[in-house]
Structure formats: structure tokens, C-alpha cells
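**Q** Show me how the following folds:
(one chain, ligands or ions: 1)
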Amino acid sequence: MKRLPAALLGTALLTAALPAGAATVEEIAGSHVFERCKACHSAESGKQGFGPNLHGVVGRPAASLPTFMYSEALKAANIVWTEDNLRAWIAGNDKVVPGTRMRHVAVTDRAEQDYLIAYLKTFGDSMGPEQARVLLERAVGKLRSDGPDKAFPAFNDPKGGFIARDLYVFVFDMNGRYMASGGNPRLTGSDAANLHDAEGKAIVREMINIANAAGKGEVDYMWLNRVDNRVEKKRSMIQRVGDHIVGVGYYFH
Ligand code: HEC
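**A** Numbers count the residues shown, from 1 in each chain. Predicted coordinates:
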């Protein structure tokens, strides 16, 4: 357990009612740091504010809530709210994304940053179809603008901005060969044409058929979620870009 600054510790211990979700001393301390954000943000599911809802923000792709009008700068930033990016953002958001609409906040103390992140994590996961769609659109944009040589390594790179908790980008060529997979980069180059899911469905063949016929679509299958290490129902949205099939899937927990 890290040491709490005396001022925070005092408030944490004097607080009679625990803030929603917070259970450890760090999370409680984080709820106090969050007071600086509350004028504009809520972390409770579904609550709107002047700033975007922060429920499940740790690991979420930036600017991926369909109900919030983000600045063009944040939408174009291609970042995922990893802990490192969140730290940099709360220390100096206008340096991370010049042109953002969020007013400058300066949570520069490393311990306070840790508490805040621990607190935000208690609000859980929010990876779903909207976040998958945002990642797919960004991946398609990246492939079109930068080409395969730059795009595929970025999809495989944990810091490339295309891996958001259990969401990641995969790419096949039209013969079913893996060109990238953020979920497991070692698959790159391997032949997956005859890959079947846990229930025997020929999923890559199905993706190739959809790509050839309609250019884009969705495929449902049973797949290992590497984040919780369970086989779960997964829905992948795929889109053909030239001779490649780009996909992002989300899990039903
Ligand atoms: C004065 C209002 C205000 C305050 C205070 C504020 N924010 Fe924000 N925040 C915003 C706005 C507005 C945006 C949208 C920025 C954009 O679209 O460029 C935003 C965006 C964000 C995002 C990006 C979310 C997403 O969906 O991509 C995060 C993360 C965030 N704020 C965290 C914080 C934290 C943590 C604090 C407190 C330390 C804080 N903010 C304080 C207004 C605020």
C-alpha cells in the first residue's frame, strides 16, 4: 500500500459514508481527487455532464461515446485511455491533445494520479459496439492513409492506439492469412483460412465471403477473451479495404 498524503488521508478517514464503488483507501483518496473533475464529469453509468461520462474510461478509446459531441482535435487524436495516457492528460490535457475543449487541469502528483485512476477503475468496463465501431473506423482510416507497412505494426503495438482493453484490430488478406492481430501479434503471417471457433464455425471463411459479397458485415462466434481468459460470445465487425479484411470485435460478458 502506497503512503497517502496527510491531507488526503485525513479526508478519507473522516468521510463517514464511502463513495459509490470505492473500497480501498486508495480508491477513497481517488474519489476526493475526482472532486476536481465533478463540475464537468460523472463516472456513474449514463449520467451526462458538460464533459463526457467517465464510466469505464480506463482502457476506453478516446472520443468513443456516441452521445457526446467531442472536439475534432480529440476525435482525430487516435488514442486509447491507457493509464499512461490518462496520467499525461490530467497533468496537462492541452499538451496531449492541442485544441481539446477540456479546460486545463493539473493533477501532476503521481500518487494523486494513481488514486484517481484506481477510483475510476471501480466503475468497470464499458467496451461495446460503439467502441468497437470507433476502433474499426480509425483502423480503416489508418490503413487507407498510411498503407499496410505503417498501419499493421501500429495495430499490433500495445501503444499504437488500437488496443482498448479487450478490443483490438485484426487483419486478414483475402486468402485468410493474418496480417495483424493486436490480440496476439505472433499470429501475423499465419494461415487462418481454416480457422474454426470453439463451436466449429469456419469464421475466417465466413469473413472472406462477407468481404467478397457485401464489403462489410458482422460475424458472431465463440472466442477466447484474453483479458478475463474465458471463452465468450464475440461479435466482430469487418470491413474490406482493398485486398484486406479489417475487423474489430467485442465480447458479450
Ligand atoms: C471545466 C470542465 C472540465 C473539468 C473540470 C474536467 N474536464 Fe475532462 N473533459 C471536459 C470536456 C469538455 C471534455 C471533452 C474534450 C474534447 O472533446 O476535446 C473532457 C474530456 C475528458 C476525457 C476524455 C474522455 C473520452 O471519452 O475520450 C477524460 C478522460 C477526462 N476529461 C478526464 C478528466 C478528469 C480526470 C478530470 C479531473 C481531474 C477532468 N477531466 C476535469 C471537461 C472537463
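
**Q** Mind listing what's buried along stretch 235-249?
**A** By neighbour count on 16 or more other CB atoms under 10 Å, the buried set for stretch 235-249 is 235-241, 244-249. C-beta here means a position set from N, CA and C on the backbone, and glycine is covered the same way.

**Q** Repeat that for stretch 88-107.
**A** Neighbour-count burial for stretch 88-107, counted by 16+ other CB under 10 Å, picks out 88-91, 93, 96-97, 100, 102, 107.

**Q** Provide the contact partners of it at residue level.
**A** With contact meaning CB atoms under 8 Å, 6 or more residues apart in numbering, stretch 88-107 is reached by 33, 36-37, 40, 51, 62, 70-74, 77, 79, 81, 85, 108, 113, 116.

**Q** That stretch vs the ligand: in contact?
**A** Yes. Interface with the ligand: stretch 88-107 contributes 89-90, 100-103, 105, 107 (CB under 6 Å from any ligand atom).

**Q** and after the helix ranked longest in the chain, which helix or strand comes next?
**A** Scanning the chain for the helix with the most residues, using DSSP state H, yields helix 129-146. Going down the chain from helix 129-146, the next helix or strand is helix 148-156, by DSSP states H and E.

**Q** measure residue 41 to residue 80 for me?
**A** According to CB to CB, to the nearest Å, residue 41 and residue 80 sit 18 Å apart.

**Q** Looking at the two, which is more packed in?
**A** A direct count of neighbours by other CB atoms under 10 Å for residue 41 and residue 80 places residue 80 higher, at 26 against 20.

**Q** so what's the more buried one up against?
**A** 59-62, 161-164.

**Q** near the ligand, which residues of the stretch 101-250 of the chain show up?
**A** Within the stretch 101-250 of the chain, the positions near the ligand by CB under 6 Å from any ligand atom are 101-103, 105, 107, 116.

**Q** Mind naming the longest strand for the protein?
**A** Looking only at the chain and at elements set by DSSP state E, the strand with the highest residue count is strand 230-241.

**Q** relative to helix 129-146, how tilted is that one?
**A** Interaxial angle, strand 230-241 versus helix 129-146 (axes from the mean of the first three to the mean of the last three CA atoms, to 10 degrees): 40 degrees.

**Q** contacts for strand 230-241?
**A** 129, 132-133, 136, 140, 143-144, 170, 198, 207, 210-212, 215-225, 245-253.

**Q** what sits up against the longest helix of the chain?
**A** Contacts to helix 129-146, defined as CB under 8 Å, 6+ apart, come from residues 60-61, 63-66, 78, 150-151, 154-155, 161-162, 164, 167-169, 171, 235-237, 239, 241, 244, 246-250.

**Q** show me where pLDDT drops low in the stretch 51-200 of the chain?
**A** The model of the stretch 51-200 of the chain has pLDDT under 70 over residues 126.

**Q** can you give me the strands for it?
**A** All strands of the stretch 51-200 of the chain, identified by DSSP state E, counting those that start in this stretch, fall at 169-173, 178-181.

**Q** Can you give me the buried ones in the first one?
**A** The neighbour-count criterion (16+ other CB under 10 Å) identifies 169-173 as the buried residues of strand 169-173.

**Q** count of residues packed around the residue nearest to residue 217 when sequence neighbours are not counted?
**A** Nearest residue to residue 217, sequence neighbours excluded (CB to CB, 6 or more residues apart in numbering): residue 210, at 4.0 Å. Neighbourhood size, residue 210 [other CB under 10 Å]: 18.

**Q** separation between residue 210 and residue 220?
**A** Distance, residue 210 to residue 220, by CB to CB: 12 Å.

**Q** Then residue 70?
**A** 30 Å.

**Q** quick one: which of the two has more around it?
**A** Counted by other CB under 10 Å, residue 70 and residue 220 do not tie: residue 70 has more neighbours, with 18 against 15.
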